[in-house]
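Visitor: predicted model follows, preceded by the sequence.
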There are 4 protein chains.
Amino acid sequence: MPLTHDQQAEIDETRAETRQTLRATSEGMEAHLYRAHPVLDHGFVRVIDYMGDDAAITQAARVSYGRGTKSVQNDEGLIRYLMRHWHSTPFEMCEVKLHVKLPVFVARQWIRHRTANVNEYSARYSILDREFYTPAPEQLAAQSKQNNQGRGTVLEGEEAARVLELLKSGADRAYDSYEAMLDQGDQQGLARELARMALPASIYTQWYWKVDLHNLFHFLRLRADPHAQYEIRVYAEAISACVADWVPLAWGAFEEYRLGGATLSASALDCVRRMLKGEEVTQETSGMSKREWGEFREVIG
Amino acid sequence: MPLTHDQQAEIDETRAETRQTLRATSEGMEAHLYRAHPVLDHGFVRVIDYMGDDAAITQAARVSYGRGTKSVQNDEGLIRYLMRHWHSTPFEMCEVKLHVKLPVFVARQWIRHRTANVNEYSARYSILDREFYTPAPEQLAAQSKQNNQGRGTVLEGEEAARVLELLKSGADRAYDSYEAMLDQGDQQGLARELARMALPASIYTQWYWKVDLHNLFHFLRLRADPHAQYEIRVYAEAISACVADWVPLAWGAFEEYRLGGATLSASALDCVRRMLKGEEVTQETSGMSKREWGEFREVIG
Amino acid sequence: MPLTHDQQAEIDETRAETRQTLRATSEGMEAHLYRAHPVLDHGFVRVIDYMGDDAAITQAARVSYGRGTKSVQNDEGLIRYLMRHWHSTPFEMCEVKLHVKLPVFVARQWIRHRTANVNEYSARYSILDREFYTPAPEQLAAQSKQNNQGRGTVLEGEEAARVLELLKSGADRAYDSYEAMLDQGDQQGLARELARMALPASIYTQWYWKVDLHNLFHFLRLRADPHAQYEIRVYAEAISACVADWVPLAWGAFEEYRLGGATLSASALDCVRRMLKGEEVTQETSGMSKREWGEFREVIG
Amino acid sequence: MPLTHDQQAEIDETRAETRQTLRATSEGMEAHLYRAHPVLDHGFVRVIDYMGDDAAITQAARVSYGRGTKSVQNDEGLIRYLMRHWHSTPFEMCEVKLHVKLPVFVARQWIRHRTANVNEYSARYSILDREFYTPAPEQLAAQSKQNNQGRGTVLEGEEAARVLELLKSGADRAYDSYEAMLDQGDQQGLARELARMALPASIYTQWYWKVDLHNLFHFLRLRADPHAQYEIRVYAEAISACVADWVPLAWGAFEEYRLGGATLSASALDCVRRMLKGEEVTQETSGMSKREWGEFREVIG
C-alpha cells in the first residue's frame, strides 16, 4: 500500500471540500483529483490540478470570446483535424499537474522530457524513506539477446531467487549504511546531501510534475510504447487512463492518429503502393534492411 | 469600447454559469475571469483560466499530499524565501491563460518570450477587422535624443496634428486596399494569406496566451519596466493587477525582491561599501562609466 | 539583387580569411558560409556559423572520447536507426546560425518555432529600408474555394494588374508616411518605435536565427510542406539545400523517414491491411471521412 | 587519473588534426578543445566543440553582414551594456558542447537546467564501470545545524573513518551485486535496464551537454554560487575557466554584473538610501527579518 494513514487522511480531507468556480471543469477529471493510482510496488500517480477540457482546445483554436464550443460533433471534427495535421498549439492550452512517486531510475528517464515543470522531493533537505522497487516475479527478465536495450525471457527458479535476493539485500544494506551515516547519536552525522549518494537507483522519490496536453501526448507516445522500459510504461498507462477521462475527444484523436497509427518511410510507402498494384515485394526488392523489413511486415500485418 | 454587443453577451453568459470543483480556487481571480480589461484604444486583457493559488506554490515546494498550507504566515515566509533565493520551480506550478487583443507591433515584441503557449487569430484563415491603434495625444512623442530606442518630448500643435493625420489616413487607406483586394464582387479576390501583407503593424490582432507564474513574472519584470515601450507596458500593468489579486503573497514577494529591488554590479557594490564607510565617491573614482554612474545615482537616490 | 555593394564587400572579406581549428568541420557547409542565397524578391538566407557534422551525431549517441566515427557505413546505419526510432537528442548536437532577410508576415509565422535563438533588426532603434515583398505574377493567387487557408487559381489580366497596383502603391504610400513622420527637418520627428507601426507586413526585416538540427528538421518538415504558405516554403527550401550539403547522412535519413514518409492513422492502417488481403475498401467501409479518405488515396497512390 | 591510456590516445589523436575553416574561432578555446580537465576523483570536463566568440555576440546584436566587430573597445562597451540591461538574446548566439563525467547525484541536479541538449551514456544499453565518488577528507562534512540543505563542520578522526568506510564498502558491495546479477556464466543474467537499479548515486556517469552562452551563464551563476553543493560547484568552476578563455569580454561582463554583483530587495535599497543619508538603521527598523538582515549586512560589508 503506497500511502500511510495520515497521507490518505490528507487526501480524503482535500477531496471533501467542494468549491465554486467559473472555470471550465471536466467531470471525468474531478473524479480522479487527489486520488492515488497505485503503480509498481510503492509508487503512485495522483492528479493534483488541471486546466481546461476538450472545449478549451477548440476555444483556443478559434480564439473565441465565450466557451468556444459549437457542438460536440463540431468540436470532435475540429480536434481530429488539428491532431491529424500536427496543429499542436491548441492542445498546449490544457495543462495538468501530477504528484508522482517513482523509483529514481525511472525518474532519470522521465526528466529527459524538458518541456514540463518539476519540483522534486529534496534529499539534500530531507531524509528519504526505506522504500525500494523490487520487480514482481514476472518482470524479472534476462537481458535480451536481440535487443541491446531490452528484456528477454523471464528468469525462473533458482536464478530468479538469486537475483531477487541480491536486489533486496543490497537495498537493505544500502539503507542501513545511509541511516548509520546520518546517525546523530553521539556522532555528528554526515550531511544529508552527501549521505544520499549511498542510496541505489531503486529507491523511491517523488515529485510534482506539470505539463501541457501536447507535451504530455508526446511523453505518452514514447513512454507507453512497447519499446519503453516496463517500469516507466506503467506510469504512462496510469496517466493515460486519467487523460482519457479528462479530455475524451482529444484522447480519441490521439489514439486514432498517434498511438494506433504508424509512420511509414519513403521506401515502405513505395512498397505498399507496389503491393497494392499486385507486385510481390520481398525484402530483397524492398530497398529496406532486414530489420526494417521486419518492422514493416509487423505494421502491415 | 473594445467589445461588440455579441461578444459582451458571450462573456456575460460564461460568467453566469457557476460550477463545482475540487481544485484549488482563488477568489481574487474568480472575480476577473472572462472580463475584458480595456488596454489602449481597442485592446483588452481577459483572464480565461488559471491553475493554482498561493498555497499551490508551497504545496509543490513541500511536495505535499494535501493542500500544502500550514498557515498563511508560514506560507508567506516560504514564498518570500523562494523568491529571494531564485528558487523558481515552485512558481512554475501556477498557470494562467489570457485572451489578449493587441496591435501587431506589440504582439511582435511579446512573442519574443518563448516559454509560453500561444494561439493567434489567423489572417490566413479569417479577415481582420478595421481596427488600428492610434496613440492618445499624450503618447505622441518625438524620438529621444539621448536614447536611441526611446521617446522624448510629446509632440504638440501642428506637428502632432500632422503625424496623427498621417497615421489615421495611412491605416484607413491600407484597409481600403485590403478590402479591395479581397473583394469577390465579379472579381476572384486575392488569397487572404497574401492580402494581409498590405496591413500595417498598428492593426489589432488577438491571441490566447498561456504561461506559468515564474515566466509571467519574468515577462512583467521586463515589460512593466519604464524602459519598455509604453504600448506593451500598459498590457503588463493590466496583467499585474490580475496577478496581485490571484496570488497576493507571491505578488508581494515579487514586488519586494524584483520590481522594487535593483541589481548592483560589482563596482556599484564596492562604491556603496566605500560610501557607507564615509568615503566621498565620484564618477571618476567609482570605476563606472558616466552612464552607469548616472544609473547608479538614481538607484541609491 | 538583395545586397548592396558594401554588404557584398563585407561578405567577400569575411570569406577571404581562412583560420585554423581543431573542431569538426563540414566541407559542404564551408562552401556556403556567409554567401547570400536569394529568396523572394529582396530576401536571402546566409549561413553564418555551424557546429558539428554527421560524425558529431554518432559521437554524441556513443558518448565517445574521440571523433566517434567508426566508418561511414556504420555511421549511416546508426543515423538512420536514430531517425527511424525518434531518438532526437543526438541530432540536437549539431547547431546552425543563419542570417535571414524576410518579409514581416513570414517572420511572424517563423517565430512561432520557439526552440531557437533570435536577434532581430530593431525598428525601435533603427530606420527600416524601403523594401517590400511583391509577389511574382505566378504567385498572385486567388483565395482557394476548398481550403480556407490556401490559394486557388492564379489571377490574370486586369484582375492581376489591379491587385499588383494596390500592393505596390500601398507599400509606397506607407513608406512615404513613415519617412514623413520621422522627418526631422524643422520638425521634431515621431519616435521610431511609433512610426514603424505605419509599415505594412510586406516590409522586409532581418534576423540572426540559431537552431539545433533536430528542431531545424521539425521546422523544415512543417514549412517545406506543400500546405505551408509559398512565401515561407521557399525559405525552407533554401535552408534544406544547405543542410543537405552540411550533414548529408542525416539529410538522407530525414528524407527517407520524414519528408518522403507518411503517418497513417489507425483506420488508414486497417484499410491498408484489408486491401493487402484483397478486400475492396471504399470510403463508406473505410471508417474515414471523405476528406481523410481523399488524403489517404493520395498517400497510397 | 580519470582517463585510460586508450581514451587519452583518442584525445591526442583528435588534437593532432588541424583543419581549415572560414568560421569565427577563439584561440583561447582552441587550447582547451578535447582536453580533460579533472574534477573530483574520477570526473572531468572536456570541451568538444564551440560556436562563436565575443565578436559573434555583437555581430548578432547589430545583425551585421560581416564579422560585426568595430573595435575591441566598442565591442566591450556593447557587451557590457547588453549584460547590464538583461538583453540576453545576443549571448544565446554562442554555443558550447561539453563531455562531462560526473557522479549520478550531481547529474540529477544538473539536468534540472532544461534549456540544454543532453546525450547520456545509457546503462540500459551498456555496462557501467566500477567508479564511485568518494569525498576527499576535507569534504566529509557534517549536516549543518543552521541550514537544512547545507554542510557544517568537517568530520574528523574515527567519525570520518567510519563514514568513509561505509561509503566505500557500500559502493563496492553494490557493484559486486551488479556484476553478479549481470553474470552470464551458466546463468542467464538480469537485463541491464534492471540490474542498474542496484547502483548507488555515487557512481559515475557521463554525457554530452550542449548549451548556449546565456543559459550557461545562468547555470554558472546558480552552480558556482557558495550555496550550491560542493560537488557540482567544482564542475561549474572548471567550466568557468574555459569560458573565461573562450569569450573574455563576455566573461568580464558576467563577473561585473552577475557574479560580483548582488540583487537588493526594495527594503534593502531603502535601508541603503537611509544609511547613506546618515541614518543608523538596525534590523528592527529595517523592515527585514533577522535572516534577511544578516544576508544584507554581508552584502554591504
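Guide: Yep, that arrived.

Visitor: switch to C-alpha atoms for all contacts and neighbour counts from now on
Guide: Noted.

Visitor: distance of the spatially closest residue to residue A:151 that is not a sequence neighbour from residue B:108?
Guide: Among residues not flanking residue A:151 along the chain, residue A:144 sits closest, at 4.5 Å (C-alpha to C-alpha, 6 or more residues apart in numbering or on different chains). As judged by C-alpha to C-alpha, to the nearest Å, residue A:144 and residue B:108 stand 53 Å apart.

Visitor: what about the strands in the stretch 1-150 of chain A?
Guide: Along the stretch 1-150 of chain A, counting by DSSP state E, counting those that start in this stretch, strands occupy A:19-21, A:36-39, A:43-51, A:95-103, A:117-120, A:141-143.

Visitor: give me the domain ranges for chain A.
Guide: Residue ranges for the domains of chain A, per automatic domain parsing: A:5-133+A:202-259, A:136-201, A:266-299.

Visitor: what about chain A, any weak spots by pLDDT?
Guide: Across chain A, the ranges flagged by pLDDT under 70 are A:1, A:68-70.

Visitor: helices of that one, start to end?
Guide: Applying DSSP state H to chain A gives helices spanning A:5-16, A:27-30, A:54-62, A:72-84, A:104-110, A:157-182, A:192-195, A:213-223, A:230-246, A:248-254, A:266-276, A:283-286, A:290-299.

Visitor: can you lay out the ones you listed as CSV showing mean neighbour count?
Guide: Listed next are the helices of chain A as CSV, based on neighbours: other C-alpha atoms under 10 Å in any protein chain shown:
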stretch, mean neighbour count
helix A:5-16, 15
helix A:27-30, 18
helix A:54-62, 25
helix A:72-84, 17
helix A:104-110, 18
helix A:157-182, 19
helix A:192-195, 26
helix A:213-223, 20
helix A:230-246, 19
helix A:248-254, 21
helix A:266-276, 19
helix A:283-286, 13
helix A:290-299, 14
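
Visitor: okay if I get those as CSV plus distance to residue D:16?
Guide: Below are the helices of chain A laid out as CSV (distance: least, C-alpha to C-alpha, whole Å):
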stretch, distance to residue D:16
helix A:5-16, 61
helix A:27-30, 61
helix A:54-62, 56
helix A:72-84, 51
helix A:104-110, 37
helix A:157-182, 46
helix A:192-195, 40
helix A:213-223, 41
helix A:230-246, 44
helix A:248-254, 52
helix A:266-276, 41
helix A:283-286, 43
helix A:290-299, 38
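
Visitor: middle-most residue in chain A, spatially?
Guide: Residue closest to the average C-alpha location in chain A (C-alpha atoms, centre = their mean): residue A:236, at 2.7 Å.

Visitor: how near is that one to residue A:255?
Guide: Following C-alpha to C-alpha, the distance that separates residue A:236 from residue A:255 is 14 Å.

Visitor: got a list of what the residue of the stretch 1-150 of chain A found nearest chain D touches?
Guide: Nearest residue of the stretch 1-150 of chain A to chain D (C-alpha to the nearest C-alpha) works out as residue A:143 at 3.6 Å. Under the criterion of C-alpha atoms under 8 Å, 6 or more residues apart in numbering or on different chains, the neighbours of residue A:143 are A:150, A:151, A:152, A:153, D:188, D:189, D:190, D:191, D:192.

Visitor: among the residues you listed, name the ones in strands.
Guide: A:151, A:152, A:153 (DSSP state E).

Visitor: top of those residues by neighbour count?
Guide: residue A:151 (24 neighbours; other C-alpha atoms under 10 Å in any protein chain shown).

Visitor: so what's that one up against?
Guide: By C-alpha under 8 Å, 6+ apart, the residues touching residue A:151 are A:141, A:142, A:143, A:144, D:191, D:193.

Visitor: chain B: which of those residues is nearest?
Guide: Of those, the one sitting nearest to chain B (C-alpha to the nearest C-alpha) turns out to be residue D:193, at 27.9 Å.

Visitor: spatially nearest residue to the closest one (excluding sequence neighbours)?
Guide: Nearest to residue D:193 is residue D:124, by C-alpha to C-alpha, 6+ apart, at 4.2 Å.

Visitor: compute the number of surrounding residues for the one you found.
Guide: Residue D:124: 19 surrounding residues under other C-alpha under 10 Å.

Visitor: in this structure the residue nearest to the centre of chain A contacts residue A:224, no?
Guide: Yes. Counting by C-alpha atoms under 8 Å, residue A:236 does reach residue A:224; the two are 5.2 Å apart.

Visitor: which parts of the stretch 151-300 of chain A sit against chain B?
Guide: Contacts of the stretch 151-300 of chain A with chain B, taken as C-alpha under 8 Å from any C-alpha of the partner chain, map to A:206, A:207, A:208, A:210.

Visitor: could you dump those residues to CSV with neighbour count?
Guide: Below are those laid out as CSV (neighbours: other C-alpha under 10 Å):
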residue, neighbour count
A:206, 21
A:207, 22
A:208, 26
A:210, 25
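
Visitor: quick one: which of the residues you listed sit in strands?
Guide: Counting by DSSP E, those contribute A:206, A:207, A:208, A:210 to strands.

Visitor: and which of those is nearest to residue C:202?
Guide: If you rank those by distance to residue C:202 using C-alpha to C-alpha, residue A:210 comes first, at 39.7 Å.

Visitor: wait, doesn't the closest one sit right on residue A:100?
Guide: No. With contact defined as C-alpha under 8 Å, residue A:210 does not count as touching residue A:100 (10.5 Å).

Visitor: need the domains of chain A in CSV (columns: distance to residue D:114).
Guide: Formatted as CSV, the domains of chain A follow (distance: least, C-alpha to C-alpha, whole Å):
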stretch, distance to residue D:114
domain A:5-133+A:202-259, 5
domain A:136-201, 22
domain A:266-299, 33
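
Visitor: out of those domains, nearest to residue D:284?
Guide: domain A:5-133+A:202-259 (29.9 Å).

Visitor: ok, residue A:183 - how many residues close by?
Guide: Per other C-alpha under 10 Å, the neighbour tally for residue A:183 reads 13.

Visitor: might one say that it is in contact with residue A:189?
Guide: Yes. Using C-alpha under 8 Å, residue A:183 is in contact with residue A:189, at 5.1 Å.

Visitor: who's in contact with the residue lying closest to residue A:148 once chain neighbours are set aside?
Guide: Leaving aside its chain neighbours, residue A:148 sits nearest to residue D:125 (5.4 Å; criterion: C-alpha to C-alpha, 6+ apart). By C-alpha under 8 Å, 6+ apart, the contact set of residue D:125 is A:148, A:149, D:192, D:193.

Visitor: thank you kindly, that will do.
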